[in-house]
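Q: What follows is a protein structure lacking sequence information:
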């Protein structure tokens, strides 16, 4: 089966209304657009959300919360998850993506201290928590920092 064999369920589709075909058709002359005005003309109608003189819904509803435009978002990995790599492996964001620990390629990686690291690894990431760096170096591994000066802030 492929997309060319698909069809809508029986009774789920209707033919479009035929407009402007005489008064007897029920939608002749003005074709269901009424008399004159912006919506009777061809082209784009009033902008989205316009309610004439009434206060628009988007302005009537209360506003909540705040989004910080300057916050840097990270892809998070806990040190306990790094145990899946072999002893002495160099672990970088590329390797983490390949094994499925992180997604969203455009964000920097931060290693946190959740779990327990049992293997000596050379980890390369953009940031480390104090506990994570300590755990990696305690076993004789290295916590290498990638520069974050050009890291994007995505929200």
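A: Thanks, I have the structure now. Source: prediction; values computed, not measured.
Q: For stretch 50-64, which outside residues touch it?
A: Contact with stretch 50-64 is made by residue 49, as judged by C-beta atoms under 8 Å, 6 or more residues apart in numbering. To be clear about C-beta, it is placed using only N, CA and C from the backbone, and glycine gets the same treatment.
Q: ok, now stretch 118-135?
A: Residues from elsewhere that reach stretch 118-135, judged by C-beta under 8 Å, 6+ apart: 74, 77-79, 82-83, 85-93, 108-113, 116-117, 136, 139-148, 151.
Q: So for that stretch, first residue to last residue, what's the gap.
A: 9 Å (C-alpha to C-alpha, to the nearest Å).
Q: If you count neighbours, what's buried in it?
A: By neighbour count with 16 or more other C-beta atoms under 10 Å, stretch 118-135 contains the buried residues 119, 121-129, 132-133, 135.
Q: can you tell me which of the contacts of stretch 118-135 are in strands?
A: Judged by DSSP state E, the subset of the contacts of stretch 118-135 located in strands is 77-78, 90-91, 109-112, 142-145.
Q: By neighbour count, which of the residues you listed wins?
A: residue 111 (28 neighbours; other C-beta atoms under 10 Å).
Q: Just confirm that residue contacts residue 144, I think it does.
A: No. Here residue 111 does not reach residue 144: they are 10.7 Å apart, not a contact under C-beta atoms under 8 Å.
Q: So the residue nearest to residue 78 when sequence neighbours are not counted versus residue 94, what's the distance?
A: The shortest distance from residue 78 to any residue other than its chain neighbours is 3.4 Å, reached at residue 114 (C-beta to C-beta, 6 or more residues apart in numbering). Distance of residue 114 to residue 94, computed by C-beta to C-beta, to the nearest Å: 22 Å.
Q: next one: residue 139
A: Plainly put, residue 139 is 22 Å away from residue 94 if you go by C-beta to C-beta.
Q: same deal with residue 85?
A: Taking C-beta to C-beta, one finds residue 85 at 13 Å from residue 94.
Q: who has more neighbours, those two?
A: Neighbours were counted for residue 85 and for residue 94 using other C-beta under 10 Å; residue 85 has more, 18 against 9.
Q: May I ask you to confirm that the more buried one is in contact with residue 98?
A: No. Taking contacts as C-beta under 8 Å, residue 85 lies outside contact range of residue 98: 10.7 Å.
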